[in-house]
Structure formats: C-alpha cells, structure tokens
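> The following block contains a protein sequence and its predicted model.
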Amino acid sequence: MTSKKSADRLSLASSYRTHTCGDLRAEHVGTTVRLSGWVNARRDHGGLIFIDVRDRYGLTQVRVDPATAGDSFKIADGLRSEFVATFEGAVVERPSGMRNAALPTGAIEVDVTKCSIINPSQTPPFEIDHEPANLDEDVRLRYRYLDLRHERLAKHMQMRSDLMHFARTWLRRQQFIEIETPVLGRETPEGARDYVVPARVHPGEFYALAQSPQQYKQLLMVAGFDRYFQLAKVFRDEDPRADRVPEHTQIDLEMSFVEREDVLKLVEGLMTALAEQFSSAALVSTPFARISYEEALSRFGTDKPDIRFGLELADVTDQTRASKFAVFAKAESVQALAAPVARFSRKEFDTLVEFTKQTGAAGLAWLTLRNNKFESPIAKFFSEPELKALATATGAKDGDAILFVADTRARALDSLGRLRNHLGEQLKLKDPSKLAFVWVQDFPMFEWNPQEKRIEPMHHMFTQPYAEHVDLIAAALGKKQTPDAAVLATKANLFDLVLNGYELCSGSIRIWQPKLQRDVMRLIGLEDAEIDQKFGHMLRAFEYGAPPHGGVGLGLDRIIAVLAGEPSIREMIAFPMNSKARDPMTGAPSAISAQQLKELHIQVKKNI
RNA sequence: GGGGCAGUAGCGCAGUGGCCUAACGCGCCUCCCUGUCACGGAGGAGAUCGCGGGUUCAAAUCCCGUCUGCCCCGCCA
C-alpha cells in the first residue's frame, strides 16, 4: 500500500498473478508479468503453441515458443481445456496483422518463459469457450459451476450484482433504510402454498418460509421507519414455470405518509434509473402510461398488457347479436381483434384455432378482408352492412383478418388476449429496442372463487379499498358468501407495473385502520377467533398509531431478465432449481435420516 | 391434479419394422504442422438406442407399464 488512495481498492495481484487476464494493453509491452487462469483454448502449431488464458476479467493470448519457454514447452503441450495454469513471461506487441481487434487484450501477447499446471481438469461435459446452442437445461444445472463460466451467464451475474448495488444506493439516497425481516415466520392462511419447516423445539409446530415481508414491513411502518426497503428472498410452494421459481428475490419497499401518487413516483424514478443504467432499449413513455384494470382487460385481454404493439381487442357483441350465426348470437360476449394476417393459409388459421382452444375457449372464427372483399367460412351468416360494421368496430384494414372468440366475456377476453400475445410474437411486433412501462390500477378489491364458493382478496387482504367503497364492505358483512356484485365492484387502491407484458411490480396503499382491517378479514370469511389468532398482532399494532402507508414488491429476477432480454428468469439466477423444483446438482430436495425425523417429531407416510 | 412434447456416444442431433454392423456436427485421443485466435491436416476411440415387459422370423422403430426432463393449464394474495 503505497498511498492512502490505493487502500480503497486493493490490488488483485498475488503470488499467482501480477495482472488479470483482462488487464494487459500495449502500454505493458516490455514488462514481465504472471497470469493465472483457465485454459480457454489451445492452438498447437507443432513448434509453437497459442493458449487463451481466461478469468473473470477477460482473455489473454500467451505464446509458447520452445526458444523462449525451454522446459516449459513440454508442460504447455500437455495443457487441456479448463486446466488451471500459471504463465510467466514478457508482454510483447503482436506482429502487425496478427492483432485481434475483437479482444481488449488483442494488441499484445505474453511470450511465455515459464508455465505450470496448478490443477488439471476433466474434459468438461460441454464446451466452455463458446456456449453450445440447445444445451439441455438439466445438464447445465447439473454442472452449473461450469455453465456459469459461459460469458453470457457470467455477464448476467455481474449485471445482477451491479443492479442490486445500484438499487440499494438509489433507495438509500431517497432516505430508505434497509432492514432484514425473518425468513422463518408463521403460516399464512391466504395466498400461495407455504414452504413449511418443522420446529424441532416445538413438537408438532411449524414455521413457514416467508412468501413476502408484507406483515413485517407494515409493522416497520408502525415502528416509524417511514421508508424501508429490503432485497428479500421469498418462497412460494407452487408449480414452477419458465418465469416462476420456488424462491425468488424482491426489491421490497414500504413508505409512510404517502398516497398512491407518491409511491408511483418513487417506483417510476427507480425503474427509470434502472432502465437507463442497465438497458440500451428506449422508454416508450415517461411518465409511464396508466390504464385501469378494466381498460387493460377490454383492450388487451389481460391485466399485464404488452403495449409495444396494437392488435387491440374490440367488443362486437352488439354487432353480432342479431346475426344468423348461432354461435355468435347466443354467446354472452363476442370479442374480436384485427391483425394483418389475411394472407394466412387455411393451415395457419387452423393453428390459431388450435391455439385458441388450448386457452379454454370453444373456438376461433375468422374473416379476411382483401381487396374490399370479405371471405370466411362464416361470411355467409352476415350481410354486407354487418360485415362493414365489424370491420369498423375492429378497425380492420385491407389485408387484415378479424379473429373472433365467442364465450363468456371473461373467457373470450382471456383467450383473445393470449392470442394477441401469440400473434405479437409470431408477427414480430414485440420490438426488443423498446421498454413499454404501464401502470395498471383500479383493480377490484375482491374476486369470487367459484371452486371454494367464497370471496377472496384479489391481491391481499391488507390492500386499502377506495374510500368511496368502504361502505360496501360494511354493508356486506354478516351476509352469506355470494358472488355479490356490489362487493365485487369494490375497487382497491392497488397498482401493478407492467413492462413489455411482464408484471414487474405489485403494490398498494395499505389498510391502517384496525376496524376496516377486521371488516375485510371478516368479509372474506375469516372467523373472529381465527383473525385474532393469526392476525391479532397486525390489528393490535394498528391500534398503537399506525401511519398511512403503502408500498410495493418488485420482482428483481424478472426485472433483470427483461432488461437483459432473457425470457427465463433462471438465466439470471446463479443456482436455480429446475422446472420440477429440484436442484439436479445437489439433488435437493432429499429424504432425511430416521434420526432427523425423530428429532423433528415427524413420521413420513407413503402413498397417503 | 390435468394436457402436450421429448429421452439414441461427453454435448447437439439423424434414423419411425429388415438395406442399422446406428449416420452427421462439435468435443475427446494419437500423429503432423512456427502466427493461430471457431487454427489447419491425417487417423482413431467412444452408443446395454432412459428402464422393464410384450408383439414379431426380425424392434432404436409397434404395444403396455415405468422413470426422468421441458412447455402449458390449474395453482401462483
């Protein structure tokens, strides 16, 4: 340490290396250096060997010439892919014409005088120097420590680290305090299935892994930490998907003395900063677009719309009500969208029909418009003015096809919304150079669960209903659980942030009034005894001066994936589980010993 | 819980009743090569065709079962 300044950032030099594999430039020519790293590639020319040495920082070509390397030439001859080795020698300028512009270190090479093998390597199960296409994910996960050597994944890990650091710094600058909350908590009666952990010291009792820091962060508001955040691991025991894993990370935050606008502004600030810092794609609009839940459903058929492209839905129930086509005339709702696919073959339309059926709808009808002529298996059911009216309603232009789904309104919208997404993909309408943020708000407070025949909170039961709807809740108390239109009309002060069709963030203004909180719990069917037992701590806390508060949880893995343009969040996680919630590398989950089971007071029964 | 698809050499894949003694690319091994950087050239090794059973003169191929994985629906406040 030669100066105070250098103490801030210690050198990476050690007895193994004077420089990293990304350090050396033309200015180092003439110095003697030592590099250690992995053999990325070895090109043997018989009398001359080139080796690319790799570490996290880059790639440097070393040159092993028997004239300068002496006895070390033999050692270099025995090097193979992924051996860990040390090379010593002089940095020399490469002959003109032999420079590699693609490599930051490409102007120089190291003329090796001495090399040694630190640790040999088995032949890796897949190539490391370039990433093979279509590698089976299970193979990758089994050798994740090798997969992570691939440049793409290594970059993702760096980006993740940078983004987490950036978010922390940004939030701390806005006066947020980072507080950790327990991972081991109590089971939650609402929401996702809990991951359960037996409590050894309390026979027959269990912890649940946190699904969210929700309750703790609200209690932190009561405690007076008016701006809290945490990069929190959360756990949900539901079947995984490409964009869903059993454990993920949230940027969790909560604010006191705020209204919705304050929270939106804060999140917009953070997301804009992250997008500018970590993506080259352009924001479609600042401030972010905002639409209501109802508008999102009716225009896009989903509450997480990708607004980078059109193909908006139109309700044509009125236009088809009187038609001779019984399927349309009888349906509760007919939804349609116009897409530039009139040129599609019968087979291509059949594929769309098949796709639609898989979404749960009865079917898909289509109508092409070419040279001012309508063509379709169903065209005969409509008069010319009726056809024109359909074109007007859907905004269909020449060269478009109008696609119809007739069903219940909810199913027709959902089905056509998925088809819209599918077409957006197929027609390459999803511009990867755009970041289209949109806030979806005015969600219903409750929804009807037809399976369990009960009212459930749409988001969670701590969400504040709009003030003008509070009376609806009080009025519904004590009544039998029915799909009561009035209660279901209650709107919640809830907002989701959607980016390019992915829900990145969900938040709300919370209930801080103990009576209202208890009423909401009662309304969704919880008995007072259960409320006191499971949520007594929240209600009690609210009685000690709870400030008005609200916040959000942002899906960190998803944010990074979208900004990096990766479709699967597993690409952004160092050691993810596979799609069956297993880790093929460690074998988790696994059976435990009889001794462990005994300590935990647990008996495992097979084939229950 | 349900549906679809897949499993053939270390990796990616072809082969859908007999010309299969299982092809091809990458990787691997041996030899040659002093300016390569996806080095090149010559030669070579490597596969109980996921597993079990059945049909057949004959099975990678057909049937039944089973295991594993991927995608989707349900589920995911």
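That came in fine, so what should we check first?

> The stretch 501-608 of chain A: helices as residue ranges?
A:514-523, A:528-542, A:556-564, A:594-599 (DSSP state H, counting those that start in this stretch).

> Contacts for the first one next, please.
Spelled out, that is helix A:514-523. Helix A:514-523 is contacted from outside by A:446, A:455, A:457, A:461-462, A:464-465, A:470, A:473-474, A:476-477, A:487, A:511, A:528, A:531, A:535, A:538-539, A:542-543, A:546, using Cβ atoms under 8 Å, 6 or more residues apart in numbering. All C-beta atoms are positioned from the backbone trio N, CA, C, and that covers glycine.

> Restricted to buried residues, select these in ChimeraX.
Of the contacts of helix A:514-523, the buried ones can be selected in ChimeraX as follows, counting by 16 or more other Cβ atoms under 10 Å:
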select /A:446,455,457,461,462,464,465,470,473,476,487,511,531,535,538,539,542,546
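
> From the contacts of helix A:514-523, list the ones also adjacent to RNA strand B.
The subset of the contacts of helix A:514-523 within reach of RNA strand B, by Cβ under 7 Å from any atom of the strand, is A:Pro457, A:Met461.

> mind listing what the strand or helix carrying A:Ala338 pairs with, with the direction of each?
Using DSSP states H and E, A:Ala338 maps to strand A:333-339. For strand A:333-339, the pairing partners within the sheet under DSSP bridges are strand A:313-315 (antiparallel), strand A:401-407 (antiparallel).

> In PDB, could you pull the C-alpha coordinates for it?
Extracted in PDB, the C-alpha atoms of strand A:333-339 (Å, rounded to 0.1, in the frame of the first residue of the first chain):
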ATOM      1  CA  SER A 333     -69.900 -12.000 -25.400                       C
ATOM      2  CA  VAL A 334     -68.100 -11.800 -28.700                       C
ATOM      3  CA  GLN A 335     -64.700 -10.300 -28.800                       C
ATOM      4  CA  ALA A 336     -62.600  -9.600 -31.800                       C
ATOM      5  CA  LEU A 337     -59.300  -8.300 -33.000                       C
ATOM      6  CA  ALA A 338     -57.900  -7.300 -36.400                       C
ATOM      7  CA  ALA A 339     -54.500  -8.500 -37.400                       C
END
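
> average pLDDT for it?
For strand A:333-339, mean pLDDT rounds to 91.

> Contacts only, for the residue nearest the centre of chain A.
In chain A, the centroid-proximal residue (Cα atoms, centre = their mean) is A:Arg558; its distance is 1.8 Å. A:Arg558 sits next to A:Asp243, A:His248, A:Tyr502, A:Glu503, A:Leu504, A:Ile569 when contact means Cβ under 8 Å, 6+ apart.

> and if we set it to 7 Å?
A:Asp243, A:Tyr502, A:Leu504, A:Ile569 (Cβ atoms under 7 Å, 6 or more residues apart in numbering).

> What of A:Thr113?
With Cβ under 7 Å, 6+ apart, A:Thr113 has these contacts: A:Thr68, A:Ala69, A:Glu88, A:Gly89.

> Quick check on the last one: phi, psi?
Pointing back at A:Gly89 there. Main-chain torsions, A:Gly89, degrees, to the nearest 10: phi 170, psi -170.

> wait, doesn't it sit right on A:Val112?
Yes: in this structure A:Gly89 lies within contact range of A:Val112 using Cβ atoms under 7 Å: 4.2 Å.

> so what sits against both of those two?
A:Val62.

> Let me know the pLDDT of the closest residue to A:Met461 other than its chain neighbours.
Leaving aside its chain neighbours, A:Met461 sits nearest to A:Val520 (5.4 Å; criterion: Cβ to Cβ, 6 or more residues apart in numbering). We note a pLDDT of 92 for A:Val520 in this prediction.

> And A:Val520, how close does it get to A:Ala474?
10 Å (Cβ to Cβ, to the nearest Å).

> ditto for A:Pro95
A:Pro95 is 85 Å from A:Ala474, by Cβ to Cβ.

> same deal with A:Cys115?
80 Å.

> what do you get for A:Arg25?
For A:Arg25 relative to A:Ala474 (Cβ to Cβ), the value is 73 Å.

> go on, A:Ala208?
Counting by Cβ to Cβ, the gap from A:Ala208 to A:Ala474 is 31 Å.

> A:Phe309 looks like it's in a helix, true?
No: looking at A:Phe309 with DSSP: H, G, I helix; E, B strand; the rest coil, it is coil, so not inside a helix.

> Just give the nearest non-adjacent residue to it, would you?
In space, A:Phe309 is closest to A:Leu429, 3.6 Å off (Cβ to Cβ, 6+ apart).

> pLDDT score assigned to that neighbour?
89.

> give me the number of residues near it?
17 (other Cβ atoms under 10 Å).

> Pretty sure it sits against A:Ile307.
No: contact criterion Cβ under 7 Å: A:Leu429 and A:Ile307 do not qualify, at 11.1 Å.

> ok, then the element right after the longest helix seen in chain A?
If you go by DSSP state H, chain A has its longest helix at helix A:151-173. Where DSSP H and E defines the elements, the next helix or strand beyond helix A:151-173 is strand A:177-178.

> Summarise which helices and strands that next one is packed against.
strand A:227-235 (3 or more Cβ pairs under 7 Å, 6 or more residues apart in numbering; DSSP states H and E).

> mind running it again at 10 Å?
Counting contacts by 3 or more Cβ pairs under 10 Å, 6 or more residues apart in numbering; DSSP states H and E, strand A:177-178 is packed against helix A:151-173, strand A:227-235.

> Next, see if the first helix or strand past the last one going along the chain gets close to RNA strand B.
Where DSSP H and E defines the elements, the next helix or strand beyond strand A:227-235 is strand A:247-256. No: taking Cβ under 7 Å from any atom of the strand as the criterion, strand A:247-256 and RNA strand B are apart, separated by no less than 9.1 Å.

> repeat for stretch A:218-235
No: applying Cβ under 7 Å from any atom of the strand, one finds stretch A:218-235 separated from RNA strand B by no less than 7.9 Å.

> Tell me the residues of the stretch 51-200 of chain A that contact RNA strand B?
So far as Cβ under 7 Å from any atom of the strand goes, the stretch 51-200 of chain A lies against RNA strand B at A:52, A:61, A:63, A:65-67, A:80-81, A:94-95, A:98-100, A:102-103, A:106, A:109, A:123, A:125-127, A:129-130, A:132-139, A:188, A:190-193.

> and A:Val91, what are its phi and psi?
phi -80, psi 120.

> May I have the beta-bridge partners of it?
A:Val110.

> Measure how buried it is and give me the count.
So A:Val91, with other Cβ under 10 Å, has 25 neighbours.

> Then A:Ala410?
12.

> Isn't it up against A:Asp303?
No: A:Ala410 lies out of contact with A:Asp303 (Cβ atoms under 10 Å); the separation is 11.7 Å.

> ok now do A:Leu435, which residues does it touch?
By Cβ atoms under 10 Å, 6 or more residues apart in numbering, the contact set of A:Leu435 is A:271-272, A:275-276, A:279-285, A:288, A:308, A:499-500, A:562-563.

> How much space separates it from RNA strand B?
21 Å (Cβ to the nearest atom of the strand, to the nearest Å).

> who's that residue bridged to?
A:Leu283.

> so A:Pro189 makes contact with A:Phe535?
Yes: in this structure, A:Pro189 is within contact of A:Phe535 by Cβ under 10 Å, at 8.9 Å.

> any common contacting residues for these two?
With Cβ under 10 Å, 6+ apart, A:Pro189 and A:Phe535 have common neighbours A:Met461, A:Met521, A:Leu526.

> Just the closest of those to RNA strand B, please.
Taking Cβ to the nearest atom of the strand as the measure, RNA strand B lies nearest A:Met461 of the shared contacts of A:Pro189 and A:Phe535, at 6.6 Å.

> Who are the contact partners of A:Ala574?
Contacts of A:Ala574 (Cβ under 10 Å, 6+ apart): A:Arg144, A:Tyr145, A:Asp147, A:Leu148, A:Leu153, A:His156, A:Met157, A:Arg160.
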